[in-house]
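S.K.: just coords:
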C-alpha cells in the first residue's frame, strides 16, 4: 500500500506547525538575527536608514536630527539665567542696593584710565552710525545668498532694541557717572553693539560653507563678542556708563539674540541628513 507523502509543513512526529508571524509582533531579537540589537536584519548588514546608524554622543543624548532633546532645555536655562541676572541688577540699581554702591565705586575708579582716543573709539562702536551699517552689510550678504527669514528676524531684533531699553531707562532714571542727567540704566549703546554685531555673526557664520565651517565659523561669533566687550569697556572708561549699565544691556541683548537664533537653528535642523 502506497504511503501518503509527508507534508513539508510538519517539523516533527507530533505534527506541530512552524511558528507564524503574528501582526504587531517584533522579530528583531529572534534566534536567526545577527544580534539582539540589530532590528529587522538577519544577515548582519548594517541598517540602511539614517536613524539606525545614529549613535549617542558622549553625554548620553541621542545624536539625531531632528529632534535633539537637549536643546530646548538649554535654551530655557539660558533664558532663565539672563532674566534672573537682569532682575537682580535692576533691583539693586533701583533700590540703591550694595551692588549699586560697589558698581559706582568701580566706575569712578576706572573713569579716565587708558588711552583716551582708543577708549573713545571703542565707545563709538556702539553708535548707530557704526553698528547699523555692519548689520546692514550682513543682511545684504544673507539676502544675496538666498536667505529670507533670517535677515528679517535680524532687522526685527534691531528694531526692538529701543522698545526694550527705553522703558527701564525712564523707570529707574539712573544718573550717569559724569552728569546729573538720568536714564543711563541700561545702556543703549551697549545694547546696540551687542544686537547688531551678534545678529551679523548669526547671519554670516552659517554661510561659510560646509567645507570651511569647522575651521572658520567660530570667527564670526568670537568677533561679535570681542566687539561687544570692547564697546562696553570704552563706555565705562570714558565715563558714559556705569559697569552695571552695560551688564544689564548685555542681558537684554542676549535674550533678543536667543530669540533670533531659534528660527535659524530650526531651519537647519529640518535639512535631510547627508
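M.R.: Here it is on my side, so go on. Because the structure is predicted, anything quoted here is derived from the model rather than measured.

S.K.: which of the helices or strands spans residue 197?
M.R.: helix 188-204 (DSSP states H and E).

S.K.: what mean pLDDT does that helix get?
M.R.: What helix 188-204 shows for mean pLDDT is 95.

S.K.: now stretch 159-175
M.R.: 95.

S.K.: what lies in contact with it?
M.R.: 90, 93-94, 181-188, 191-192, 195, 242, 245, 248-249, 252-253, 256 (CB atoms under 8 Å, 6 or more residues apart in numbering). Backbone N, C-alpha and C define where each C-beta goes, glycine included.

S.K.: strands - which of these land there?
M.R.: Taking DSSP state E, every one of the contacts of stretch 159-175 sits outside strands.

S.K.: out of the residues you listed, which are buried?
M.R.: Buried members of the contacts of stretch 159-175, scored by 16 or more other CB atoms under 10 Å, are 90, 93, 183-188, 191-192, 195, 242, 245, 248-249, 252-253, 256.

S.K.: quick one: the helices in the protein?
M.R.: Taking DSSP state H to define them, one finds helices in the chain at 50-53, 70-94, 98-110, 116-124, 128-144, 149-172, 188-204, 213-216, 219-237, 243-269.

S.K.: now the phi/psi pair for residue 95, please.
M.R.: The phi and psi values for residue 95, taken as degrees, to the nearest 10, are phi -90, psi 10.

S.K.: most tightly packed of the helices of the chain?
M.R.: Mean neighbour count (mean count of other CB atoms under 10 Å) peaks for helix 188-204 among the helices of the chain, with a mean of 27.

S.K.: which elements pack onto that one?
M.R.: Applying 3 or more CB pairs under 8 Å, 6 or more residues apart in numbering; DSSP states H and E, one finds that helix 188-204 contacts helix 128-144, helix 149-172, helix 219-237, helix 243-269.

S.K.: tilt between the last one and helix 149-172?
M.R.: Going back to what we said before, that points to helix 243-269. 160 degrees (axes from the mean of the first three to the mean of the last three CA atoms, to 10 degrees).

S.K.: ok, residue 105 to residue 232 distance?
M.R.: 18 Å (CB to CB, to the nearest Å).

S.K.: okay, and for the stretch 51-200 of the chain, where does confidence drop off?
M.R.: Within the stretch 51-200 of the chain, the stretches falling below the threshold (pLDDT under 70) are 51-71.

S.K.: now do the contacts for residue 185.
M.R.: Contacts of residue 185 (CB under 8 Å, 6+ apart): 90, 93, 168-169, 172, 174, 242, 244-245, 248.

S.K.: without its sequence neighbours, what residue ends up closest to it?
M.R.: Excluding its sequence neighbours, the residue lying closest to residue 185 (CB to CB, 6 or more residues apart in numbering) is residue 174, at 4.1 Å.

S.K.: what's the answer for residue 251, then?
M.R.: Excluding its sequence neighbours, the residue lying closest to residue 251 (CB to CB, 6+ apart) is residue 86, at 3.8 Å.

S.K.: how close does that neighbour sit to residue 139?
M.R.: Separation of residue 86 from residue 139 (CB to CB): 27 Å.

S.K.: tell me the contacts of residue 186?
M.R.: 165, 168-169, 245-246, 248-249, 251-252.

S.K.: try it again at 7 Å.
M.R.: Going by CB atoms under 7 Å, 6 or more residues apart in numbering, residue 186 touches 165, 168, 245, 248-249, 252.

S.K.: distance of it from residue 240?
M.R.: Going from residue 186 to residue 240 by CB to CB gives 13 Å.

S.K.: got it, and residue 147?
M.R.: Distance of residue 147 to residue 240, given as CB to CB: 35 Å.

S.K.: which one's more surrounded, these two?
M.R.: Between residue 147 and residue 240, counted using other CB atoms under 10 Å, residue 240 has the larger neighbour count: 23 against 19.

S.K.: dump the helices and strands packed on helix 188-204 to a markdown table, plus distance to residue 114.
M.R.: Output for these, formatted as a markdown table (distance: least, CB to CB, whole Å):
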| stretch | distance to residue 114 |
| --- | --- |
| helix 128-144 | 20 |
| helix 149-172 | 26 |
| helix 219-237 | 5 |
| helix 243-269 | 14 |
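
S.K.: check the spacing between the residue nearest to residue 185 and residue 237 real quick.
M.R.: To residue 237, residue 174 is 19 Å away according to CB to CB.
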